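>>> Sequence and predicted structure are below.
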Amino acid sequence: MSATAILNKATQRIIALAAIIFALDQFTKWLVLRSIPMFDERVVIPGFFNLCHRHNTGAAWSLFDGNNALLAAIALVALVALFLARHQFQAHTLTGQFAFGLIFGGILGNLTDRLVRHAVVDFLHFYMARRGTTDVWDFPAFNVADSAICTGVALIFIVTWKSENSPKPVTN
């Protein structure tokens, strides 16, 4: 029996999207590593968006900085736990499958960085510079994997909320 015959269509869709997100994430990071020196920035939209090159050994907003190995282990456990529990979170719906594909691809992208580069490569830097001053509202740099994870988690919340708030059939 082939591997695709073993996996149901929903799981195949999740894996396919995860592979696409993973490839896009790793490709964009490869481009950054090749073209932007560490700590350098390329202005794309002045006062709003730059491409940069940062390495993060922590989690979001550099929380737990320097704990790369621990965060890699947590990511691996989360990946397995989410895969096993996906049926509890509307993974049978197309939106749920899309969400899990995004989450799994993002986790795998950042986990690969942690294992291969010993830090996650971040390169998307949004900020707002206030005209006429040096004041800047700065959002931490992030990457494709981070975006995929956040979007996937938001979709899971929406799908779960809609499912819990939909009218239930009346049984006698």
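That came through fine.

>>> Which of the helices and strands in the chain ranks last by mean pLDDT?
helix 3-6 (a mean of 57; mean pLDDT, DSSP states H and E).

>>> next helix or strand past that one?
Note on helix 3-6: by DSSP states H and E, the next helix or strand toward the C-terminus is helix 9-35.

>>> elements contacting that following helix?
Counting contacts by 3 or more C-beta pairs under 8 Å, 6 or more residues apart in numbering; DSSP states H and E, helix 9-35 packs against strand 49-56, helix 94-116, strand 120-129, helix 144-165. Heads up, the C-betas are built off the backbone N, CA and C, glycines and all.

>>> Just name the most buried of the ones you listed.
With neighbours taken as mean count of other C-beta atoms under 10 Å, the helices and strands packed on helix 9-35 reach their highest mean count in helix 94-116, at a mean of 22.

>>> picking that back up, which one, of the helices and strands packed on helix 9-35, ends up nearest to Ile15?
Among those, helix 94-116 comes nearest to Ile15, with 7.5 Å by C-beta to C-beta.

>>> mean confidence for that closest one?
The pLDDT scores in helix 94-116 average 97.

>>> Around the closest residue to Leu111 other than its chain neighbours, count how many other residues there are.
Using C-beta to C-beta, 6 or more residues apart in numbering and skipping residues adjacent in sequence, the residue nearest Leu111 is Ala75, 4.5 Å away. Ala75 has 21 neighbouring residues, counting by other C-beta atoms under 10 Å.

>>> can you tell me how far Phe157 sits from Phe98?
14 Å (C-beta to C-beta, to the nearest Å).

>>> name the element the closest residue to Leu51 other than its chain neighbours belongs to?
Distances taken as C-beta to C-beta, 6+ apart put Arg42 closest to Leu51, at 4.5 Å, once the chain neighbours are dropped. Applying DSSP H and E as the criterion places Arg42 in strand 41-45.

>>> strand partners of that strand, parallel vs antiparallel please.
According to DSSP bridges, strand 41-45 forms sheet pairs with strand 49-56 (antiparallel).

>>> Now do the strand it pairs with, average pLDDT.
The average pLDDT for strand 49-56 rounds to 97.

>>> and the helix or strand following that strand with helix 9-35, angle?
Under the assignment DSSP H and E, the closest C-terminal helix or strand after strand 49-56 is helix 68-85. Put simply, helix 68-85 runs at 160 degrees to helix 9-35, going by axes from the mean of the first three to the mean of the last three C-alpha atoms, to 10 degrees.
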